[in-house]
Structure formats: C-alpha cells, structure tokens
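Novice: one predicted model, sequence on top.
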Amino acid sequence: MKLLVCGGAGFMGSHFIKYILAKYPDYQVVNFDKLTYAGYLENLHEVENDPRYKFVQGDICDREILEKTVQEFGIEAIVNYAAETHVDRSIMDPDAFLRTDVLGTFNLLEVTKKFNLKKMVQVSTDEVYGSIEKGSFTEESPFAPNSPYAAAKAGGDHLCRAYFVTYQTPVVVSHSCNFYGANQYPEKIIPLFITNLLEGKKVPLYGDGKNVREWIHTSDHCRAIDLLLHKAEPGEVYNIGTGQEIENVELTKLILAEMGQGEEMIEPVKDRPGHDRRYSINWSKIKEDLGWEPEKDFGEGLEETIEWYRANESWWRKLKSGEYLEYYKKQYK
Ligand code: TYD
C-alpha cells in the first residue's frame, strides 16, 4: 500500500511511520508535514534512508500541494496525525487550531473523495466529548468540547461524519485518550515534568491537581490505528482507551518517585481556564469489533519514557529553548 501520513514528523505520526515500515515490508510511506514547532525530522532518523520512505514538506491547508503529492506518489490511503494539539496554546492563540484541525481535515476529505482513496483515518481525541465526572463516554456520546482545541477537533470529526453520510467517503475516526511515550514535545504534562526535573526545575501543577486523565502508550496506539486502517468499516468511529486513569497529582508523584525527587518539587500554579476535570472513554467497541486491547502497563511505560528522556537530552534541550520559552513565559506571567 502507498500511504500518506500527514503530520508524520510529530510525536505520534513518527511512531506510526516507523511501526508501519517495520511491519509491512512492501508498503511505501510518504510523510507529509508542515514542520511546525512540534515536527522534527530527527524523529525519523531510523528510516530516513529507507527507499520506501519519502518526506514532503507541506501544509494540509494547502490543497494544491496535497493533490500534487497524492498524484505523484500514487497514494492509496491517508492517516491524519496533522493537528495543533496543545490545549494551553489553543487558549492563547486559537487561529492555527481552526485552520489545521478544521480546514486541514476538510482538505484531506476532499482529496480522499476526489482521488477515490481506499481509506482515510482521522486521528482525534476524547476531548471532543468534554469532561465526565463518573462513567465513560461511548462512541454514541454527544460532542461537548470545552477548549478551542477540542472544538476544532470536533469540527474536523463532524466533517468526517458528514463526508461519509453524504458522499460515502471511506473515512474512519478515532477518539484516543492522552498519549505518552518517547519523542513527545515537552509541553505536555509527562515530558514537561520529566525534563523540568532533569533540569533541576520544579513542575507546575495546575489547580488542585485532581484532574484525571486516561493514558495510552504510543505502541498501543499504533496497533489500534493499524487496525482502523486495514480492518475498520468506512464511516465507523472508534474510541481508543486503556482504563489507565490517574489524577495529575498522583501521576506527578509517580514521576517524582521514579526520578528520586521529593514532593517539594511540585509547584502549584493557577488553573487552566475551562480545565476539563476528567476524561474517560469506553473502548469496548474496538475490542469487540477488531480484537484490540492495550498491552503496555502504565508504570512500565512511564519508567521507559523517563529513561528515554534521560538518554536523549540533546533531543529535548533543543526544543526547550527559543520559541518554547517565549510561550511559557506568556502562560505563567
Ligand atoms: P496536557 O498534557 O496538556 O494534556 P490535555 O490537556 O490534552 O489532557 O495536560 C494533561 C493534564 O495535566 C491536564 O489536566 C492539565 C495538566 N497539566 C498541569 O497540571 N501542568 C502542566 O504544566 C501541563 C502542561 C498540564
């Protein structure tokens, strides 16, 4: 298969490209990425000389270059990881979120329709459902996004639904819980806290720290998207969760303990506006339909992730300078 992976230079997209090339020897993968602050070709150094891998720098908002790329490489399917994803950024500066997450998704749907591609997999988030105090969201739960990020993703996901219903465009949407693992840009809680501690800095815990997130390791998510690409029926929607839920303060204590540091390194800071209290999704549908289950234990995955950041200091040190610092200065002013 000839696959276009949009956002392939980012955290999750780069893991997926490496996973696909290792698993399917006869596949060709084109990585289509704008190389924003979160995209690093270094994430793909293991495959950059693989003849089955190509990189095209482009923006999913640019229909012309998208169409040219699909034609030039004879693309048969698209997996869309390209998105602005960080909630705090979306609160301060939502424009890019609306463009990439809504208009970019619209362009990919148009291209999938125009060139009769076999499949488009839209990688999305459980944040479109909003916050839930008790129980878990199913694929039938209504969207109730609370941040500009979640609203933009919800817009893209609604377009996917509309394209399937109206044009039978063969799109499948996934709603995943929070990702973690190696190569995650150090603005999300896990890599931010690990790298802060490696730098001898405190970790900024928002509000009372009792917000709950559900965590999935990159390896489990790659297997799920592989199944959606190859086995899911067009028009389907799947939640990808793990049941590995934890309060931020407990997560922080796990990281501190693993890194041999004390709770005095926690710095309580003001809460994120509109901060969702808890995310939780029911993922029985993907288990029943496609036989997927998470395999990575959270404690083990977290330990490996900490080890990765310890061993790859030059990777994250570069990212924690320049633009990154400007952004955080604004947030904590
Ligand atoms: P984040 O990694 O930004 O993911 P999301 O908001 O998409 O779930 O945040 C995860 C949780 O950690 C969320 O409840 C906010 C909290 N958080 C902090 O307490 N401090 C931080 O510096 C960051 C980035 C997040």
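Specialist: Right, received. Where do you want to start?
Novice: using the three-state scheme, assign the residue lying farthest from the centre of the chain.
Specialist: In the chain, the residue that sits farthest from the middle, by C-alpha atoms, centre = their mean, is Glu264; the gap is 30.9 Å. Following DSSP: H, G, I helix; E, B strand; the rest coil, Glu264 is assigned to helix.
Novice: gap between it and the ligand?
Specialist: Applying C-beta to the nearest ligand atom, to the nearest Å, the value for Glu264 to the ligand is 17 Å. Yep, even glycine has a C-beta here, placed from its N, CA and C like the rest.
Novice: and Ala311, by the same measure?
Specialist: Relative to the ligand, and taking C-beta to the nearest ligand atom, Ala311 is found at 22 Å.
Novice: my guess is Glu258 contacts Glu303. True?
Specialist: Yes. Using C-beta atoms under 8 Å, Glu258 is in contact with Glu303, at 6.0 Å.
Novice: would you mind listing what in the stretch 1-150 of the chain touches the ligand?
Specialist: Residues of the stretch 1-150 of the chain found near the ligand (C-beta under 6 Å from any ligand atom) are Val87.
Novice: in the stretch 1-150 of the chain, which spans are helices?
Specialist: All helices of the stretch 1-150 of the chain, identified by DSSP state H, counting those that start in this stretch, fall at 11-23, 63-73, 87-92, 95-97, 105-114, 148-167.
Novice: quick one: low-confidence parts of this structure?
Specialist: Residues of the chain that meet the criterion pLDDT under 70 lie in 322-333.
Novice: what about the nearest residue to Val123 once chain neighbours are set aside, distance to the ligand?
Specialist: Computed as C-beta to C-beta, 6 or more residues apart in numbering, the closest residue to Val123 that is not its neighbour in sequence is Tyr81, at 5.1 Å. Tyr81 sits 15 Å away from the ligand, going by C-beta to the nearest ligand atom.
Novice: tally of neighbours for Gln71?
Specialist: Close neighbours of Gln71, defined as other C-beta atoms under 10 Å, add up to 11.
Novice: so which of the helices of the stretch 1-150 of the chain gets nearest Gly207?
Specialist: For Gly207, the closest of the helices of the stretch 1-150 of the chain is helix 87-92, at 13.0 Å, according to C-beta to C-beta.
Novice: list the contacts of that closest one.
Specialist: 84, 96-97, 127, 147-150, 152, 187, 272-274, 327, 330-331 (C-beta atoms under 8 Å, 6 or more residues apart in numbering).
Novice: buried among these? Make that a ChimeraX selection.
Specialist: In ChimeraX, the members of the contacts of helix 87-92 classed as buried (16 or more other C-beta atoms under 10 Å) are selected with the following command:
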select :84,97,127,147,148,149,150,152,187,327,331
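Novice: now, which of the contacts of helix 87-92 sits nearest Tyr309?
Specialist: Nearest to Tyr309, judged by C-beta to C-beta, of the contacts of helix 87-92 is Glu187 at 13.6 Å.
Novice: now do the contacts for the residue farthest from the centre of the chain.
Specialist: No contacts exist for Glu264 under C-beta under 8 Å, 6+ apart.
Novice: how close does Ala154 sit to the ligand?
Specialist: In terms of C-beta to the nearest ligand atom, Ala154 sits 14 Å off from the ligand.
Novice: you'd agree that residue is up against Phe143?
Specialist: Yes. Between Ala154 and Phe143 there is a contact at 4.6 Å, judged by C-beta under 8 Å.
Novice: quickly list what's touching both of those two.
Specialist: Common neighbours of Ala154 and Phe143, counting by C-beta under 8 Å, 6+ apart, are Val128.
Novice: compare those two (neighbour count), which wins?
Specialist: Per other C-beta under 10 Å, whichever of Ala154 and Phe143 has more neighbours is Ala154, with 21 against 17.
Novice: ok, and the closest non-adjacent residue to the more buried one?
Specialist: Ala154 sits nearest to Val128 (C-beta to C-beta, 6+ apart), 4.1 Å away.
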